[in-house]
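Here is a sequence with its predicted model. Questions after.
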Amino acid sequence: MTRHPLHTRLCELLECRAPIVQTGMGWVATPELTAAACNAGAFGFLAAAALPLDEVEKRIHQTKALTEKPFGVNFLMDAPGAEEIVAMVLENGVKAAGYNRAPSAELIDRLKAGGVLCVPTCGAPRHVRKAEQLGADIVIVQGGEGGGHTGTIPTSLQVSACADAVSIPIVAAGGFKDGRGLVAALAWGAAGIAMGTRFLMTAESPVPAVTTDRYLGAALPDIVVTEQIDGLPQRVIMNELVRDLEAAGPVRRWFLAARNALAFRKLSGATIPELLRSALSMQKNEKLTRAQVLLAANAPMLAKRAMNDGDPVGGYLPSGTVAGVIDDRPTCAELVARIMDEAEETLKRLQLNR
């Protein structure tokens, strides 16, 4: 039997029909969105970072109740509660674990021993090689067009370089929304694509309409990179908060960070010693300055204000550049079907034009 041209190693490993990953966006990748992505034929990651541990377990159970398909859980390995989340992943038969900073060899070994696929997100060939050495089964490679924390290398160059650097499957992230993009990613050596912003803009996304309206109204020049949120480059939609932070001095930003750190501690249930250990781990593994560590608490709480609380003025809007060319909110089923149909049509057109 001839294999479907869009059936890749990614589909085999993750047991999904389409080589498409819905990323574990904080405050966005809820059980409803994750299950909808999986039921549509993609592979979804449930967001677990910044949540209280009892809420993480609750959401894993909710996702399992909404889909019979495999799914993943995304979390931070250097954050308080990481060991407990690993235990939940193993106990609940979760298919994959996603992570992106300060990978722990010990936790990776525990996951792999339990049959869980390890899927980190990286942004450079050297990081991808290190991830493979630590035991990653698949690596999501994000190029500069991606939303949230980002680099400067275009996705096309980043993915090609990383695909050449390792033998494990690469998933391309940063700038994808349609079937033509999927075909391009396969040509660059990837085994599929990962999308955050495009899934954020679906009918099953929990993001309030007042916030998604900002995404729908954004033009390409409105999507910028700023370091003022947490001291690291982040791609966002320009809004009132970012303008305020760009104009503010360090005292104002540090005051905001201190307030958000207290809010994060209350929300997550983490103790002060746990938060300090996490901060020291971030500083060591990501080579952050003390100022960047102080600002780190801003991102999860300010994202919550926009994505969860419906305040796109006082919260920030992490976004891939692709938001500038998205103008609808299809269901996940409609989106995945549309991407796969367009990818097949693109492949046929390329064959006819040879």
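Cool, got the structure. Numbers count the residues shown, from 1 in each chain.

and V94, what helix or strand is that in?
Using DSSP states H and E, V94 maps to neither a helix nor a strand.

Now do the same for the nearest residue to it once chain neighbours are set aside: helix, strand or coil?
Using C-beta to C-beta, 6 or more residues apart in numbering and skipping the chain neighbours, the partner closest in space to V94 is V73 (5.3 Å). In short, each C-beta sits where N, CA and C put it, glycine included. Following DSSP: H, G, I helix; E, B strand; the rest coil, we place V73 in the strand state.

Run through the residues that contact V73.
24, 45-46, 48, 56, 60, 85, 88-89, 94, 96-98 (C-beta atoms under 8 Å, 6 or more residues apart in numbering).

A48 reaches R59, doesn't it?
Yes: counting by C-beta atoms under 8 Å, R59 is a contact partner of A48 at 7.2 Å.

So these two - more neighbours on which side?
Each of A48 and R59 has its neighbours counted (other C-beta atoms under 10 Å); A48 has more, 28 against 21.

Who are the contact partners of the more buried one?
G24, V56, R59, V73, N74, F75, I85.

Roughly how far does the nearest residue to the last one once chain neighbours are set aside sit from G135?
Yep, that's I85 we're talking about. Spatial nearest neighbour of I85, chain neighbours left out: F75 (4.8 Å); criterion: C-beta to C-beta, 6+ apart. According to C-beta to C-beta, to the nearest Å, F75 and G135 sit 16 Å apart.

same question, M301
For M301, the distance to G135 - C-beta to C-beta - is 32 Å.

ditto for V28
For V28 relative to G135 (C-beta to C-beta), the value is 28 Å.

So between those two, which is more surrounded?
More crowded of V28 and G135, by other C-beta under 10 Å: V28, with 22 against 15.

Let's verify the more buried one: helix, strand, or coil?
V28 - assigned by three-state DSSP - is coil.

pLDDT score for the residue nearest to L216 when sequence neighbours are not counted?
Of all residues not flanking L216 in the chain, D327 sits nearest, at 6.4 Å (C-beta to C-beta, 6+ apart). Per-residue pLDDT puts D327 at 96.

part of a helix, is D327?
No: read with three-state DSSP, D327 is coil and lies in no helix.

K304 and D222, how far apart?
In terms of C-beta to C-beta, K304 sits 22 Å off from D222.

Kindly apply the preceding question to M25 instead.
To D222, M25 is 19 Å away according to C-beta to C-beta.

Who has more neighbours out of those two?
Each of M25 and D222 has its neighbours counted (other C-beta under 10 Å); M25 has more, 25 against 17.

Name the nearest residue to the more buried one, ignoring sequence neighbours.
G196 (5.1 Å).

quick one, what contacts that neighbour?
By C-beta under 8 Å, 6+ apart, the contact set of G196 is Q22, T23, M25, V28, G146, G147, G148, A173, G320.

in terms of contact, does the second one touch A49 like I think?
Okay, so that is T23. No: in this structure, T23 is not within contact of A49 by C-beta under 8 Å, at 11.9 Å.

And the two? Which one has more around it.
Remark: of T23 and A49, T23 carries more neighbours, 29 against 25, as counted by other C-beta under 10 Å.

Distance of the residue lying closest to the more buried one once chain neighbours are set aside relative to L33?
Spatial nearest neighbour of T23, excluding adjacent residues (C-beta to C-beta, 6+ apart): G196 at 4.2 Å. From G196 over to L33 the distance is 11 Å, taken as C-beta to C-beta.

what touches both of these two?
Joint contacts of G196 and L33 (C-beta under 8 Å, 6+ apart) are Q22.

Compute the number of surrounding residues for the residue nearest to L216.
Around D327 there are 10 residues (other C-beta under 10 Å).

Over to A97?
Count around A97 with other C-beta under 10 Å applied: 29.

and it, what are its bridge partners?
V73, C118 (DSSP bridges).

doesn't M88 make contact with it?
No: in this structure, A97 is not within contact of M88 by C-beta under 8 Å, at 10.3 Å.

Can you list the residue ranges for helices in the stretch 1-150 of the chain?
9-14, 31-39, 53-66, 82-91, 105-113, 125-134 (DSSP state H, counting those that start in this stretch).

so which of these gets nearest G231?
helix 125-134 (19.4 Å; C-beta to C-beta).

picking that back up, list the contacts for the residue nearest to I85?
G24, A48, A49, V56, A82, I85, A97, G98, Y99.

Likewise for Q142?
Q142 neighbours (C-beta under 8 Å, 6+ apart): T121, C122, G123, T150, G151, T155, Q158, A173, G174, A194.

again, but for V128
Counting by C-beta under 8 Å, 6+ apart, the residues that V128 touches are C122, V139, V141, C162, A165, V166, I170.

what about it, distance to Q62?
From V128 to Q62 the distance is 33 Å (C-beta to C-beta).

Then K112?
From K112 to Q62 the distance is 26 Å (C-beta to C-beta).

A248 now?
Distance from A248 to Q62, by C-beta to C-beta: 39 Å.
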